[in-house]
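[1] 3D model of this:
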Amino acid sequence: MGSVSLSSSCLSWKSSYRFLDSISTDRSRLGSSSFGSRSIKKKPGISVSVCMADSVVFRDLDADDFRHPLDKQNTLLLRTIPGLNELGKAILGSIAEQVMLLENIGTSVLVAENQLSDLHQLMVEAANILNIEAPDLYVRQNPVPNAYTLAISGKRPFVVVHTSLVELLTRKELQAVLAHELGHLKCDHGVWLTFANILTLGAYTIPGLGGLIAQRLEEQLFRWLRAAELTCDRAALLVAQDPKVVISVLMKLAGGCPSLSDQLNVDAFLEQARSYDKAASSPVGWYIRNAQTSQLSHPLPVLRAHEIDEWSRSEEYKSLLRRATQLNSVQNV
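    Below you'll find the predicted structure:
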């Protein structure tokens, strides 16, 4: 991230989620996210909405309704870390919050009904579908396509979207990105990521054994975060209600740019994802895949595409849609 980013502050806390780093070597380490395609355009005087009238709204949605099994498993492991909550609450104080808040307000544009209203509408609609209160949304000038979320100590959370990401995205893909970020808030991922990050940084300052503890914790943290990303891709699907929208985003993460966006083929990328999964199913392939992903905070885009394709076909996903449709029908009578 750039010189005005949250991760560049003197506190060095990277409690964010960026899609883009899912294909990087994870130089920025903890937390990340991004999606991609074309710029938002609206003709003067025309109000545009991507949330169609027949979109299913999940009025009684709970985080565990869509949480990935690996997310559940690794969250339980994080909860067994002694003193994680206490240490995080002790270090996260009002001064730290003020630094982060002022840095963001001072370097970004706050989205509202009268400021970048299209983006505001996308966020409100996505939050409504997921049955969650919409957080604040900021747009920040940055050439690196990115989006991230910050939530600390019960304060109002906010999502930041980089201008370059907006330029890459279609409207529905951008809303899928916002839904992914809302998934982190719905599942309370911000708390765990922030606390675990602080504990890792603190452990490294302890001579000898501290380094070993931090290394082990980092492995657990990254394993959890990769699983958490799979959960939030599901949140993106619940809002987009079309797996091709989410898969298109992941495809563009792997090799998309504005000049190529109209030539990209979602079906071809999904076939590529299936071929990767098949190649990685052999003993040698399994070892190579683990070596390839073990130091990443995010799963590879092809793995995420395969996961979301599989979940979109599952009875679990279809059951959620049916339940929400029935509830909507009853409440609309």
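
[2] Where does pLDDT dip in the stretch 51-200 of the chain?
    The model of the stretch 51-200 of the chain has pLDDT under 70 over residues 51-53, 83-98, 100, 152-154, 191-200.

[3] give me that answer again for 50
    Applying pLDDT under 50 to the stretch 51-200 of the chain picks out residues 51-52, 197-198, 200.

[4] count of neighbours near residue 265?
    Residues lying near residue 265 (other C-beta atoms under 10 Å) number 11. The C-beta positions use only the backbone N, C-alpha and C, and glycine is treated the same way.

[5] any idea how far residue 244 lies from residue 251?
    10 Å (C-beta to C-beta, to the nearest Å).

[6] what residues are up against the residue nearest to residue 134 when sequence neighbours are not counted?
    Excluding its sequence neighbours, the residue lying closest to residue 134 (C-beta to C-beta, 6 or more residues apart in numbering) is residue 127, at 3.8 Å. With contacts defined as C-beta atoms under 8 Å, 6 or more residues apart in numbering, the neighbours of residue 127 are 133, 134, 135, 182.

[7] and residue 231, what does it touch?
    Residues in contact with residue 231 (C-beta under 8 Å, 6+ apart) are 66, 67, 68, 71, 183, 187, 189.

[8] Check which helix or strand the fifth one maps to.
    In this case it means residue 183. Assessed by DSSP states H and E, residue 183 sits inside helix 171-186.

[9] which residues of the chain fall in helices?
    Taking DSSP state H as the criterion, the chain contains helices spanning 69-79, 84-91, 94-107, 117-129, 163-168, 171-186, 189-204, 209-240, 243-255, 266-279, 283-293, 301-312, 315-332.

[10] tally of neighbours for residue 282?
    11.

[11] How about the contacts made by it?
    No contacts exist for residue 282 under C-beta under 8 Å, 6+ apart.

[12] now it: how far from residue 288?
    9 Å.

[13] To residue 157, which of the helices of the chain lies closest?
    Nearest to residue 157, of all those, is helix 171-186, at 5.5 Å by C-beta to C-beta.

[14] Report the angle between that closest one and helix 117-129.
    If you take axes from the mean of the first three to the mean of the last three C-alpha atoms, to 10 degrees, helix 171-186 sits at 50 degrees to helix 117-129.

[15] tell me what helix 171-186 is packed against?
    strand 33, helix 117-129, strand 147-150, strand 158-162, helix 163-168, helix 209-240, helix 243-255 (3 or more C-beta pairs under 8 Å, 6 or more residues apart in numbering; DSSP states H and E).

[16] thinking residue 296 is in contact with residue 223, fair?
    No. Using C-beta atoms under 8 Å, residue 296 is not in contact with residue 223; the gap is 10.4 Å.

[17] which phi and psi does residue 114 have?
    phi -110, psi 10 (degrees, to the nearest 10).

[18] give me the number of residues near it?
    Neighbours of residue 114 (other C-beta under 10 Å): 7.
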